[in-house]
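Undergrad: No letters, just coordinates:
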């Protein structure tokens, strides 16, 4: 009963919980494009709701690209949803601007949309957060095919003093174009979810990843962990040639610092952009999109929840959760 949408590819996603419903926000693009690689420059954000993380009611598109020149002129990419002290829900998302209809060169900038009810969203142009070249690669460096600054994960500071944002980014200081091992966890802070200041990265380059996609800080079994994704094609350094997927790394706290150099593989890359979600019973589960090719190519759908097994210091996947096991 995985979530899918007729006539569309579905991939990256994030969730919000209002206490009554689980809200799923997902990237989608029409299969009429023909080539699934084209989905990235045609992504929109859709919305579905569920009582149990398995049976979903699709409510359609809720956020679309902007006008030429906007931060999301080409596509709206991966994000997260949080509720602020003012009671408003905020969807932080990645705006993508492709610079050519042929090349994969694109600039990524983080924007936000605001909602009172998790259904109707309006963009707030006050948030236009880009990579700071003091610490992060930018497109004019000509060292990478994109200005990587995406997949915001926002959460409250443990001390209650403002908010943190984790970001997929690349550290500055490449020695050459062949030195791809520059993936880092970008960082920004805010006191009010509106005014953000970019901070130094929370991890170091050289950990074996060209990028650490869809970062998520979680606490499981009393331990702080970083969950992120990196496929085989973007493994670097000593990890090159190995299998990619969804990874787990140790953390000093929910706001880092993080140690991707010691990351362990949680799920193979046939499952990607994985998220840890909590069901109504308070049990952490794992959901990802199916990143495998069927007889007709990339299918594009989101899995049912998997069990998460805590085995001493290790975290591993169990079986798919049965519908009756989720409240």
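TA: Looks like it came in fine. Values in this document were obtained by computation on a predicted structure and should not be read as measured data. Residues are numbered from 1 along each chain as shown.
Undergrad: Going by C-alpha atoms from here, please, whenever you check contacts or count neighbours.
TA: Fine.
Undergrad: Next, give phi and psi for residue 238.
TA: The phi and psi values for residue 238, taken as degrees, to the nearest 10, are phi -70, psi -20.
Undergrad: For it, which non-adjacent residue is closest in space?
TA: residue 208 (6.3 Å; Cα to Cα, 6 or more residues apart in numbering).
Undergrad: Residue 33 now?
TA: Residue 33 sits nearest to residue 39 (Cα to Cα, 6+ apart), 7.5 Å away.
Undergrad: pLDDT at that neighbour, what is it?
TA: For residue 39, the pLDDT comes out at 96.
Undergrad: Correct me if wrong: it contacts residue 32.
TA: No: with contacts counted by Cα atoms under 8 Å, residue 39 stays clear of residue 32, the gap being 10.1 Å.
Undergrad: Please identify which of the two sits among more neighbours.
TA: Each of residue 39 and residue 32 has its neighbours counted (other Cα atoms under 10 Å); residue 39 has more, 21 against 10.
Undergrad: SS state for that one?
TA: Using DSSP: H, G, I helix; E, B strand; the rest coil, the three-state assignment for residue 39 comes out as helix.
Undergrad: Can you give me every residue that contacts it?
TA: Shown in contact with residue 39 (Cα atoms under 8 Å, 6 or more residues apart in numbering): 9, 28, 29, 30, 33.
Undergrad: Counting neighbours, which of the residues you listed end up buried?
TA: 9, 28, 29, 30 (16 or more other Cα atoms under 10 Å).
Undergrad: Hmm, the second one is touching residue 38, no?
TA: It stands for residue 28. No: counting by Cα under 8 Å, residue 38 is not a contact partner of residue 28; they are 11.1 Å apart.
Undergrad: Could you dump the contacts of residue 39 into TSV and include pLDDT?
TA: Listed next are those as TSV, based on pLDDT from 0 to 100:
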residue	pLDDT
9	97
28	98
29	98
30	97
33	95
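Undergrad: what's the closest of the residues you listed to residue 150?
TA: The nearest member of those to residue 150, counting by Cα to Cα, is residue 28 at 16.8 Å.
Undergrad: Sticking with the closest one, tell me its helix or strand.
TA: strand 22-30 (DSSP states H and E).
Undergrad: what's that strand packed up against?
TA: Secondary-structure packing of strand 22-30 (3 or more Cα pairs under 8 Å, 6 or more residues apart in numbering; DSSP states H and E): strand 8-17, strand 44-50, strand 75-83.
Undergrad: from those strands, which stretch is densest packed?
TA: strand 75-83 (a mean of 25; mean count of other Cα atoms under 10 Å).
Undergrad: List the buried residues of whatever helix or strand comes next after that one.
TA: Downstream of strand 75-83, the first helix or strand assigned by DSSP H and E is strand 89-98. For strand 89-98, the buried set under the neighbour-count rule, 16+ other Cα under 10 Å, comprises 89, 90, 91, 92, 93, 94, 95, 96, 97, 98.
Undergrad: got it, and stretch 293-311?
TA: Buried-residue list, stretch 293-311, by 16+ other Cα under 10 Å: 298, 299, 300, 301, 302, 303, 304, 305, 306, 307, 308.
Undergrad: repeat for stretch 150-170
TA: Of the residues in stretch 150-170, those buried (16+ other Cα under 10 Å) are 150-157, 163-170.
Undergrad: Could you identify the least confident member of these?
TA: For the buried residues of stretch 150-170, the pLDDT minimum is residue 157, 92.
Undergrad: Tell me which residues touch that residue, please.
TA: 163, 164, 255.
Undergrad: now the protein, which segments are flagged as low pLDDT?
TA: Along the chain, the model assigns pLDDT under 70 to residues 1, 174-178, 294-296, 323-327.
Undergrad: show me the contacts for the residue nearest the centre of it.
TA: Central residue of the chain (Cα atoms, centre = their mean): residue 214, 2.8 Å from the mean position. By Cα under 8 Å, 6+ apart, residue 214 lies in contact with 78, 151, 152, 153, 167, 168, 227, 228, 229, 273, 274.
Undergrad: And the second one, which helix or strand is it part of?
TA: In this structure, residue 151 sits in strand 149-156 according to DSSP H and E.
Undergrad: What is that strand packed up against?
TA: Counting contacts by 3+ Cα pairs under 8 Å, 6+ apart, strand 149-156 packs against strand 75-83, strand 89-98, strand 106-115, strand 163-170, strand 213-220.
Undergrad: now that strand, how far from the centre of its chain.
TA: Distance, stretch centre to chain centre, for strand 149-156: 8 Å (Cα atoms, centre = their mean, to the nearest Å).
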